[in-house]
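# Pasting the sequence and the predicted model now:
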Amino acid sequence: MCLIKPQATIIKICVILFPILFLFTYLQNWYANCPFINSNLVNDSMLELFDKNVILKKIEDKINHLIRKYKNGNFENVIISGNNLLKEFPNNSLIQNIVGVALYQLKKNEEAKTFFHSAIKNDQKNFEAYNNLG
């Protein structure tokens, strides 16, 4: 005596798989015919802008590169690179603080204070900037 009914099992599998296959086919056709994806209205770089993880990763990589330059004592390079990054991310208090510290290392104290004040203005919880301001 067979406990499993083959017809019932096949029907259950079909009931489960059919909607999944239908959905997959529908999404595949939608993607192929999507006017936004397959047009010049949206290109890959624009799609990337909507992915916060990609943006945050780019900022993180650039800041880490800036910190490495600072640790190597390339203060002039830190200031140049940091100012370029601030054009791209004008309200990033971490970058402002790093540039301020590099300026301080080069004895440009008044310019450094300006960057520390900007860092604090953009992030009032940036205690490192408060500390660096002295």
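Now that the structure is in, tell me what you want to look at.

# In contact with the residue nearest to N109 when sequence neighbours are not counted: list those residues for me.
Counting by Cβ to Cβ, 6 or more residues apart in numbering, the nearest residue to N109 once its immediate chain neighbours are dropped is L103, at 7.7 Å. Where you see a C-beta, it was placed from the backbone N, CA and C, and this is true even at glycine. L103 sits next to F75, I79, N109, E111, A112, F115 when contact means Cβ atoms under 8 Å, 6 or more residues apart in numbering.

# Tabulate those residues (TSV), appending neighbour count, pLDDT and distance to K62.
Listed next are these as TSV, based on neighbours: other Cβ atoms under 10 Å; pLDDT from 0 to 100; distance: Cβ to Cβ, whole Å:
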residue	neighbour count	pLDDT	distance to K62
F75	18	96	17
I79	24	96	15
N109	12	95	26
E111	15	96	21
A112	23	95	21
F115	28	95	17
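
# any chance of those in JSON lines, with distance to A129 and secondary structure too?
Listed next are the contacts of L103 as JSON lines, based on distance: Cβ to Cβ, whole Å; DSSP: H, G, I helix; E, B strand; the rest coil:
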{"residue": "F75", "distance to A129": "18", "secondary structure": "helix"}
{"residue": "I79", "distance to A129": "16", "secondary structure": "helix"}
{"residue": "N109", "distance to A129": "15", "secondary structure": "helix"}
{"residue": "E111", "distance to A129": "14", "secondary structure": "helix"}
{"residue": "A112", "distance to A129": "10", "secondary structure": "helix"}
{"residue": "F115", "distance to A129": "8", "secondary structure": "helix"}
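
# Now stretch 76-91: buried residues?
V78, I79, S81, G82, L85, L86, F89 (16 or more other Cβ atoms under 10 Å).

# Please disregard the earlier target; I meant stretch 117-134.
S118, A119, I120, N122, D123, N126, E128, A129, N132, L133.

# May I have it exported as PDB, CA atoms only?
What follows is stretch 117-134, C-alpha atoms only, in PDB (Å, rounded to 0.1, in the frame of the first residue of the first chain):
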ATOM      1  CA  HIS A 117      33.400  75.600  12.700                       C
ATOM      2  CA  SER A 118      31.900  74.300   9.400                       C
ATOM      3  CA  ALA A 119      32.200  70.700  10.600                       C
ATOM      4  CA  ILE A 120      30.400  71.600  13.800                       C
ATOM      5  CA  LYS A 121      27.700  73.600  11.900                       C
ATOM      6  CA  ASN A 122      27.000  70.600   9.700                       C
ATOM      7  CA  ASP A 123      27.100  68.000  12.500                       C
ATOM      8  CA  GLN A 124      26.600  69.300  16.100                       C
ATOM      9  CA  LYS A 125      27.500  65.800  17.400                       C
ATOM     10  CA  ASN A 126      31.000  65.900  15.700                       C
ATOM     11  CA  PHE A 127      32.900  65.900  19.000                       C
ATOM     12  CA  GLU A 128      36.200  65.500  17.300                       C
ATOM     13  CA  ALA A 129      35.700  68.900  15.600                       C
ATOM     14  CA  TYR A 130      34.900  70.500  19.000                       C
ATOM     15  CA  ASN A 131      38.000  68.900  20.400                       C
ATOM     16  CA  ASN A 132      40.200  70.100  17.500                       C
ATOM     17  CA  LEU A 133      38.800  73.600  17.800                       C
ATOM     18  CA  GLY A 134      40.200  73.500  21.300                       C
END
